[in-house]
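> have a look at this prediction, sequence included:
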Amino acid sequence: GAFSADEVIRKRLLIDGDGAGDDRRINLLVKSFIKWCNSGSQEEGYSQYQRMLSTLSQCEFSMGKTLLVYDMNLREMENYEKIYKDIGKHEKIIAAAHEKISECKKQILQAKRIRKNRQEYDALAKVIQHHPDRHETLK
């Protein structure tokens, strides 16, 4: 079947990788090589040879750049994994702190209850002290 323009462009981008023009450079290199093989004069051959060296160095530079980006991406992934693990540790610490806080709240409530009871006992004791004891009342 016939390819649509979009499919051709998509395939070109896939072949070209990040769109750095490597595919085009390699095609140029092949054409330069064919011209060099068919060159008549020594001068023409030398200029073709220089052109091929230039294209090769462009390809090598592009490849080096791609490798650097690849290495950087790997390091970034490792960094993100480390950050993710650290976040996990912090989440555990926070969860433990929340548990500790809720435990302390329960202890505070219990302490308040005990204090309230003691105050009530003290108030009752004061009231009782104002009345004579059983022995006195029976007399």
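Yes, it's here. Numbering: from 1, shown residues only.
> drop to CA atoms for contacts and neighbour counts, all remaining ones
Noted.
> now the chain, which segments are flagged as low pLDDT?
By pLDDT under 70, the low-scoring segments of the chain are 1-3, 12-22.
> which stretches of it form helices?
Assigned by DSSP state H, the helices in the chain fall at 5-16, 22-38, 42-130, 134-138.
> nearest the middle, which residue of this protein would you pick?
residue 80 (3.7 Å; C-alpha atoms, centre = their mean).
> thinking again about what came up before, most packed of the helices of the chain?
The highest mean neighbour count among those, using mean count of other C-alpha atoms under 10 Å, belongs to helix 22-38: a mean of 15.
> what's the angle between that one and helix 42-130?
160 degrees (axes from the mean of the first three to the mean of the last three C-alpha atoms, to 10 degrees).
> and helix 22-38, what does it pack onto?
For helix 22-38, the packing partners by 3 or more C-alpha pairs under 8 Å, 6 or more residues apart in numbering; DSSP states H and E come out as helix 5-16, helix 42-130.
> for residue 30, which of those helices is the nearest?
helix 42-130 (8.7 Å; C-alpha to C-alpha).
> ok, now how distant is residue 71 from residue 107?
Distance of residue 71 to residue 107, computed by C-alpha to C-alpha, to the nearest Å: 54 Å.
> residue 42 now?
From residue 42 to residue 107 the distance is 97 Å (C-alpha to C-alpha).
> how about residue 76, what does it touch?
The contact partners of residue 76, taken as C-alpha atoms under 8 Å, 6 or more residues apart in numbering, number zero.
> er, residue 58 actually
Contacts of residue 58 (C-alpha under 8 Å, 6+ apart): residue 25.
> apply 6 Å and report the result again.
Listed by C-alpha atoms under 6 Å, 6 or more residues apart in numbering, the contact set of residue 58 is empty.
> how about residue 94?
With C-alpha under 6 Å, 6+ apart, residue 94 has no contacts at all.
> change the start of the numbering to 269 and stick with it
Understood, numbering begins at 269; the last thing we discussed is residue 362.
> gap between it and residue 368?
From residue 362 to residue 368 the distance is 10 Å (C-alpha to C-alpha).
> repeat that for residue 382.
21 Å.
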